[in-house]
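Visitor: Got a sequence here, can you model it:
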Amino acid sequence: MDMDEELSRYQRRKLDKARQMLARERGQRWQSGLRLLFLAVAVGLIGYFGWRWLTTPRQPKSGEEVKEMGREHVTNIKDVVYNSNPPTSGPHFSTWAKKGVYDRVLSDGYLIHSLEHGYIVISYHCDEPESGWVRRVLAHEGETVMPASDSAGLDPLYSMTFKPEGKMSVFTPDKAPEGEELPSAFEREECQAVVEKLQPFVERYERVIVVPRINMEVPIAVTAWGRIDKLDEFDEERIERFIKAYHNQGPEKTIE
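Guide: Now for the predicted structure:
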């Protein structure tokens with residue numbers, strides 16, 4: 001083998017190595033470029049969504065917050081003054097009401113226990129407020145609230161009269177405690193139309209109660225544990241929003 005041929009092989013090997021090094025450098029530059037591109041895209045997306053989050057108006061919480069009054073179990077609520085009408089927390093009975101549309105006034109003692117279990121209570125009012133049954137007391141910030149239940153002076157609404165048949169201290173609409181006769185206003189066609197509009201909420205959700213209420217300042221009030229929304233008229237979207245926000249969110253988690 002002559003020197004020219006040997007030199008040619010040496011040059012080819014050197015050229016091959018140079019090509020390999022160049023290819024590696026190009027690959028490294030390509031990978032670095034991709035990493036920089038991905039980083040730029042990530043920073044851009046974070047910045048965009050961060051800007052959207054900061055500039056998007058916040059959806060206010062549904063209803064109003066009501067200061068909690070505890071979770072004590074009692075057998076009589078005659079001397080209890082709740083801080084909202086209807087109440088959203090406070091002393092209550094050991095028995096609670098299950099889902100359904102009730103045809104009678106239920107004691108707050110039962111309903112508050114239901115709220116504790118994550119129920120939503122929709123109270124509707126078809127009577128004139130300010131009846132003779134109302135005993136008004138002065139509350140914080142000059143508010144006027146109802147004592148215990150809205151039909152003051154009626155023992156069934158103050159005392160736990162229901163006696164459960166089984167182990168569970170609970171009742172349903174078909175086995176509800178005896179109640180006082182509702183004013184004739186609740187039998188009016190307009191009032192029954194409201195009840196029909198509220199019925200679907202009971203069908204769509206696991207823990208919703210619809211119940212008449214005497215001496216309430218608004219036609220409809222929706223309550224959850226520590227929350228209340230008072231409506232001057234039926235508003236399906238507003239009620240739905242409240243239910244979705246607080247349904248099954250009570251302080252006592254139960255499987256029923």
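
Visitor: Quick one: the helices in the stretch 1-150 of the chain, in order.
Guide: 3-55, 108-116 (DSSP state H, counting those that start in this stretch).

Visitor: Mean pLDDT lowest where, among the ones you listed?
Guide: Lowest mean pLDDT within the helices of the stretch 1-150 of the chain: helix 3-55, at a mean of 67.

Visitor: From what I see, residue 224 and residue 250 are in contact.
Guide: Yes. Taking contacts as Cβ atoms under 8 Å, residue 224 lies within contact range of residue 250: 7.4 Å. C-beta coordinates here come from the backbone N, C-alpha and C atoms, glycine included.

Visitor: list residues touching both of these two?
Guide: Common contacts of residue 224 and residue 250, defined by Cβ atoms under 8 Å, 6 or more residues apart in numbering, comprise 115, 118, 119.

Visitor: now, which of the residues you listed sits nearest residue 214?
Guide: residue 115 (19.0 Å; Cβ to Cβ).

Visitor: What is the burial count for that closest one?
Guide: Using other Cβ atoms under 10 Å, residue 115 has 29 neighbouring residues.

Visitor: Find the nearest non-adjacent residue to it, please.
Guide: residue 225 (4.6 Å; Cβ to Cβ, 6 or more residues apart in numbering).

Visitor: can you check residue 177 too?
Guide: residue 162 is the one closest to residue 177 (Cβ to Cβ, 6+ apart), at 4.3 Å.

Visitor: Also residue 92?
Guide: Residue 92's closest residue in space is residue 112 (Cβ to Cβ, 6+ apart), at 3.7 Å.

Visitor: That neighbour against residue 87, yeah?
Guide: Yes. At 5.7 Å, residue 112 and residue 87 qualify as touching, with contact defined as Cβ under 8 Å.

Visitor: quick one, what contacts the residue nearest to residue 115?
Guide: Per Cβ under 8 Å, 6+ apart, neighbours of residue 225: 68, 88, 89, 115, 116, 118, 246, 249, 250, 251.

Visitor: 7 Å - rerun?
Guide: Applying Cβ atoms under 7 Å, 6 or more residues apart in numbering to residue 225 gives the contacts 88, 89, 115, 116, 250, 251.

Visitor: Please apply the same query to residue 86.
Guide: 108, 121, 123, 213, 221, 223 are the contacts of residue 86 under Cβ under 7 Å, 6+ apart.

Visitor: Run a quick neighbour tally on residue 119.
Guide: 27.

Visitor: how close does the closest residue in space to residue 101 that isn't next to it in sequence get to residue 173?
Guide: Closest residue in space to residue 101, ignoring its immediate chain neighbours: residue 210 at 4.4 Å, by Cβ to Cβ, 6+ apart. According to Cβ to Cβ, to the nearest Å, residue 210 and residue 173 sit 9 Å apart.

Visitor: These two - which one has more neighbours?
Guide: The neighbour count for residue 210 versus residue 173, taken as other Cβ under 10 Å, is higher for residue 210 (23 against 18).

Visitor: Got the confidence number for that one?
Guide: Taking residue 210 on its own, its pLDDT is 99.

Visitor: Which helix or which strand is home to it?
Guide: Assigned by DSSP states H and E, residue 210 belongs to strand 208-212.

Visitor: Nothing else from me, thank you.
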